[in-house]
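>>> Predicted structure and sequence below. I'll ask about it afterward.
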Amino acid sequence: MDLNENMSILNLEVDSDEIKEGKQITCNYQLLQETKHIKFSSKQVKKERKLLLAFSQKFLPLDIPTSIIDEKLQKNGLPQLNCRNVLIDNRNLQLKFQTETLWNHIEAQNVFIEDMFVMPNKKYILVQFQTNVDAQKFKYDLFTDGSDFHEFTRIELSVFISDKLFSLIVKLFQPEIDRLIERFNKNAYPDRLDIRENFITVEEERRLLSFSEQLFSTYSDQYVSHLKNRESVHYGHVFDYTLNTISDQTNVSIIDNNIPEECNFLLKRFVDLIPELPDQLTINRYRSNMQDHIPPHVDTHSMCTEWIISVSLGSDVVMQFTKPRFDDGKDENEYTTKMVLLRNRSMLLMCDEARYRWCHAIQQTGFDIRPFDWSAINQTRAHRNRLSLSPRDLRYSFTFRKVRPPGYQCKCSYPESCDSQTISLYKKNDLSKEIDVDKAIQLEKEFVHQTYDQIAEHFSATRYGQWPSVTQFMNSLPTGSLILDIGCGNGKYLSVRGESNCNYVIGTDCSRNLLNICMDRGFETFQDNCLNIGTTVREGIFDAAICIAVIHHLATEERRLDALRSIVRLIRIGGRALIYVWAFEQKRDGLASKYLKSANSSTTIEKDESKETLSIHKNRTEFKKQDLFVPWKKSGTKMVENQTKLRFYHVFRENELENLIRKLSDSVKLEQIYYDQGNWCAIIQKC
Ligand SMILES: O=C(O)CCC(=O)C(=O)O
Ligand SMILES: [Fe+2]
């Protein structure tokens, strides 16, 4: 028999019904006839969910040379395994089937499954077979080179596990699975969200698919928006996804003024659903191999009427709806995220609350996790919630809207997400009095995270110059330093690897779109909020950190202090960090900063300033307040006011950064504090 190169011959057993510190896992390396006992460390127990990761990293015998395995196999034949459970490691996403299809394929080979368990947010699948013999057949017959089944998929890493471990893993993850599945519960969908499955027939889908394929293959770049995350074409008006609104300022053109006649049959079906017919259509093309997606957004309120329709073609996809926490202050995970399965040939209608209040998104992944569909396997099993992994195919969506006249003021009841009402809402807050934490989170989400995601490309194109004193700090670090760039943006400092080129820089940022730019440049990054980083990476491991122009985006002093605490936790004792924040004082020693000097009247936005409000700063002028919105304007386009993107800033006064650092207690030494081109800067060292 032939073995795949990485096939493990490992059998894992636990000696307990619980996973506790000091409890043991026994690893039988069957072919090697070796047994190892490994005790759970307190760390593994603390982070139970990381346990399986620990299994795969620690226990998979990848280090055993294939030649040894072959030799043992020839001598001893197949090991007699006393196990019916197989853990499939699908981290490389080799599996090309949806879980239900995998089940059916396996059973079609007369190998019988008792249960299948997809772990939440993990790329592992546990399969429980009815007997040991079934498990062995699965592993040694179905997945060897040359077998029919092997043509469909490649599972290179899999591990046998005991019944006890199987049930422990189920116990460990079931609560999380229940929570995930609850998000798919139709009874709790956003109000006024309507889904009609089988809205079009298979034949109608086929016709629209070939129409779409032709559009994207024949039309030139004049008509196709090549977005970072997908491609789109437009009829009636262009929809600009960087601003989520209708725009005639983009560099793509509409294909035609009218919706194409291929859609006439759809318009007829819309008549009963919506008060007026659409005059705008965007066709989005999501390529599965590119992990195409759409970031969370609310389609701008004032630009189209109170409904939006989207018809799905080609592939199922899960759409995520999030309601800002702002509304009710309840735990976001429990109450405000909903998952909606959009099957191909279905229609999605978003009105009122679903349209105006909830963000919708399609996540960046090759696989969707969704509830297991028992009707697809003609069998029933023990009653508990199960998940299914579902690979995506090429998907097209047809989004229809009815455009409003320019200057229309939306009067919806959701001012916090309304472009016509938002600014007046925040005007009620004077942040010199601290706002509560929910408001702060919402303010940062809307006016920092979302804004950076929306302006990412243009922001990146204007952010290439490194500040010399930042590079100087990075170059002053010892050879081999591991450096974390917190709020790395487009990664302009991630290439600074020290004089010897031996330093290693990792970046983190909130903005997925900025991180995508880093990824394209080949940098290593992960997505995180500067307040949470310690929960993603191990604390105390970095020799240094830089945090340039980040902390001034946090809305309360407590949160700014928390960000400093988080930086300190991440670096090792003796490690150093450089922090830059924007200064209120834009003139020092009689000299204006570069920011003031580059004043250009054509880029400014005039706005009334009122003493008691959170105001919009006039670009390239001195600051009048510490808490304000700074407009981001795409130069070269004539933007009307409500299309301008705003970023929230708290600009620091002299001594403010220093005072904040002093609150960190004795664990930190303030090495240097200085002023650099309109910024207050500090170098600190962890004692
Ligand atoms: O692809 C979809 O179904 C949704 C598209 C969307 O949200 C949009 O075009 O604004
Ligand atoms: Fe949308």
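Sure thing, it's come through. Ligands and ions are numbered 1, 2, ... in the order given.
>>> Is it correct that R653 is in contact with F584?
Yes - in this structure, R653 is within contact of F584 by CB atoms under 8 Å, at 4.7 Å. From N, CA and C alone the C-beta is placed, and that goes for glycine too.
>>> list the residues that contact both of those two?
Counting by CB atoms under 8 Å, 6 or more residues apart in numbering, the residues touching both R653 and F584 are Q626.
>>> Helix or strand next in line after the helix or strand where H458 lies, which one?
Secondary structure here is read from DSSP states H and E; on that basis H458 sits in helix 450-461. Of the helices and strands lying after helix 450-461 in sequence (DSSP H and E), the nearest is helix 468-475.
>>> How many residues are close by the closest residue to ligand 1 within the chain?
Of all residues in the chain, S397 sits closest to ligand 1, with a separation of 3.2 Å (CB to the nearest ligand atom). Residue crowding around S397 was assessed by other CB atoms under 10 Å; the count is 25.
>>> likewise S288?
Using other CB under 10 Å as the criterion, S288 is surrounded by 17 other residues.
>>> And N516, by the same measure?
In terms of burial, N516 registers 20 neighbours under the definition other CB under 10 Å.
>>> Also E261?
For E261, the count of nearby residues is 9 (other CB under 10 Å).
>>> again with Q454
By other CB under 10 Å, 20 other residues sit near Q454.
>>> swap in C530?
For C530, the neighbour count with other CB under 10 Å is 23.
>>> Hmm, S310 and the residue of the chain closest to ligand 1 touching each other?
Yes - counting by CB under 8 Å, S397 touches S310, with 5.2 Å between them.
>>> Ligand 1 contacts on the chain?
For the chain, the contact set with ligand 1 under CB under 6 Å from any ligand atom comprises T282, N284, I294, D299, S310, S312, H360, S397, T399.
>>> what's the closest of those residues to R512?
For those, the residue nearest R512 by CB to CB is I294; the value is 11.1 Å.
>>> ok, the closest one touching C359?
No - with contact defined as CB under 8 Å, I294 and C359 do not form a contacting pair (10.4 Å).
>>> Compare those two (neighbour count), which wins?
The residue with more neighbours, out of I294 and C359 and counting by other CB under 10 Å, is I294; that gives 22 against 19.
>>> which residues touch that one?
For I294, the contacting residues are N229, R230, Y241, N284, H360, A361, I362, taking CB under 8 Å, 6+ apart as the criterion.
>>> what is the residue of the chain closest to ligand 1 paired to in the beta sheet?
For S397, the beta-bridge partners are N284, S312 (DSSP bridges).
>>> what does the model give it for pLDDT?
Looking at S397, its pLDDT reads 98.
>>> now it: how far from L348?
With distances defined as CB to CB, to the nearest Å, the gap from S397 to L348 amounts to 9 Å.
>>> Equivalent analysis for K228, please.
Look at K228 and L348: by CB to CB, they are 23 Å apart.
>>> neighbour count winner among those two?
When neighbours are counted by other CB under 10 Å, L348 comes out ahead of the other of K228 and L348, with 21 against 16.
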